[in-house]
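Student: predicted model and sequence follow; I will ask about them next.
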Amino acid sequence: MTLFEKDGSPDLSRRVFLRGTGGGLMLGSGLGLIGSAFAQGGGGGPVRELPPSQPTGPPIPEMEREMPIEPGRRLGWAVVGLGKFALNQILPSFGESRSSKLVALVSGNRQKAEQVAPRYGVETHNLYDYQSFDRIADNPEVDVVYVILPNALHAEYTVRAFKAGKHVFCEKPMAVTVEECETMIRAGREAGRKLMVAYRAQFEPHNVEAIRRVREGEIGALHLVTSDHGRILDPKDPADQWRMVKSLAGGGSLYDIGIYSLQAARYLTGEEPVEVFGQIVNKKDDPRFREVEDRMAFQVRFPSGAIANLSSSYSTSSVKRIQAFGEKGSLILDAATEYESNKLTLRTEKGRQEVKMKEQSQFAAEMDHFSQSVIDNREPKTPGEEGLRDIRIMQAIYRSAQEGKPIALDATGSLR
Ligand code: NAD
């Protein structure tokens, strides 16, 4: 399945309806029940009467979100690495997930793991460290391993998780080198397990809506994408310390946040680059950028003639913006890739309109998409091949910056 097919993407329009009927409850098709006479339940699909219960209170209100599947059918996830992103974004998001549940933690700091585990209902016997991690093979509660470590450790823990017979959900960027990505993909195939890269923006409602509108021609032929991702790299923040070390991060702002700009250009155009051109700007005496790049300006050309002007920076105040310019209008996502409260604006000759989307956790959505892909034995929306392609393209952008000239790419994203 490609990035852009509707199948497999979160269906933001689905609703589930529950009704009190006096004698019992009826659940709409969103819960996947098999139906009978009361097919007017709002979801439009078949419904079934549940066993009668006493009409003891007011009816259950219309449900605006699908309820989770039963705990016993949800896939068990182990989170590897209890850093800033895992603790602040991912662990809390399990509370909003429908088909994924947190069952195990892997951390180098036992005290931290023991503090965190009870808050999320993780049992002490499901705590691992990096040495005991491989014993996860003997834990039938764990179906999926979520790797949230510094980039250079993604490949090792993905391969070890596959060897333990688990499916793997891996943070972006997928790995440091093309070879590592290929090894990860091969290991998954050999183990007969699935691999997905955590490209949350492809599950973020405003981005999903922007893609839909571009595909449906609302702004006409798409000619230009611009996207900028920047923030200040803080050497005092432990989460930024490894980001300054090339052997752990793999690259600088491009690998870390420029990848969102690149992804945006690819998912909005729905095309793959034929040529890239990059330029790096580093202040000579800034100790943060001895090993990795600060600012990267890069241009990506697509087969249709569409151009993307993209950037990433570790020395500008926060920017997370994506813009798509077509013949008949433009779509502006600003902010585009915040964890929440993103904003989508449509501009056409009729004027300017803010497109309101219902907030929905992009983290829960991407995790549930993967769990559901495993349950249904389907290819996930952003498999390892998708992560590999970005690493190939970013490597070409670095090379272009080094050589000072555009680099042509073939259909796989490799150098032509
Ligand atoms: P972090 O430093 O806060 O977390 C990394 C964790 O790995 C820490 O718990 C650290 O102790 C542990 N670790 C294990 N071995 C280590 C080693 N050798 N050196 C350093 N740390 C080690 O970093 P983070 O910001 O949480 O990023 C972790 C991963 O998540 C990265 O791949 C990053 O790109 C990704 N991330 C993704 C998003 C997103 O929006 N999808 C956001 C932030 C980070």
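Tutor: Arrived safely. Numbers count the residues shown, from 1 in each chain.
Student: so where do the helices sit in the protein?
Tutor: 84-85, 91-93, 110-116, 154-163, 178-191, 205-215, 238-241, 246-249, 253, 259-269, 362-375, 384-403 (DSSP state H).
Student: is it true that residue 386 touches residue 197?
Tutor: Yes: judged on CB atoms under 8 Å, residue 386 makes contact with residue 197 at a distance of 5.8 Å. Placement of C-beta: from N, CA and C, glycine included.
Student: who has more neighbours out of those two?
Tutor: More crowded of residue 386 and residue 197, by other CB atoms under 10 Å: residue 197, with 30 against 22.
Student: was I right about residue 206 contacting residue 333?
Tutor: Yes: counting by CB under 8 Å, residue 206 touches residue 333, with 5.8 Å between them.
Student: just the buried positions in stretch 141-153, please.
Tutor: Of all the residues in stretch 141-153, those buried under the rule 16 or more other CB atoms under 10 Å are 142-153.
Student: ends of it, how far apart?
Tutor: 24 Å (CA to CA, to the nearest Å).
Student: quick check, it touching the ligand?
Tutor: Yes: using CB under 6 Å from any ligand atom, stretch 141-153 reaches the ligand at 148-151, 153.
Student: same deal with stretch 91-110?
Tutor: Yes: contact of stretch 91-110 with the ligand (CB under 6 Å from any ligand atom) involves residue 108.
Student: start to end distance for that stretch?
Tutor: Start-to-end span of stretch 91-110 (CA to CA) is 17 Å.
Student: re earlier: mean neighbour count, the helices of the chain: which tops it?
Tutor: helix 253 (a mean of 28; mean count of other CB atoms under 10 Å).
Student: what lies in contact with it?
Tutor: Contact with helix 253 is made by 229-230, 233, 292-296, 312-314, as judged by CB atoms under 8 Å, 6 or more residues apart in numbering.
Student: from the residues you listed, which land in strands?
Tutor: Per DSSP state E, strands hold the following members of the contacts of helix 253: 229-230, 295-296, 312-313.
Student: now these as JSON lines including neighbour count and distance to the ligand?
Tutor: Output for these, formatted as JSON lines (neighbours: other CB atoms under 10 Å; distance: CB to the nearest ligand atom, whole Å):
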{"residue": "229", "neighbour count": "27", "distance to the ligand": "11"}
{"residue": "230", "neighbour count": "22", "distance to the ligand": "15"}
{"residue": "295", "neighbour count": "21", "distance to the ligand": "18"}
{"residue": "296", "neighbour count": "28", "distance to the ligand": "16"}
{"residue": "312", "neighbour count": "29", "distance to the ligand": "13"}
{"residue": "313", "neighbour count": "24", "distance to the ligand": "16"}
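Student: can you name the two of these that sit furthest apart?
Tutor: 229 and 295 (11.0 Å; CB to CB).
Student: just list the residues touching whichever residue of the stretch 251-400 of the chain sits closest to the ligand, thanks.
Tutor: Nearest residue of the stretch 251-400 of the chain to the ligand (CB to the nearest ligand atom) works out as residue 256 at 5.9 Å. Contact analysis of residue 256 by CB under 8 Å, 6+ apart lists 173, 243, 249, 312, 314.
Student: list the contacts of the third one.
Tutor: What that stands for is residue 249. Contacts of residue 249 by CB under 8 Å, 6+ apart are 150-152, 176, 242-243, 255-256, 292.
Student: go on, residue 76?
Tutor: Contacts of residue 76 by CB under 8 Å, 6+ apart are 101-104, 141-144.
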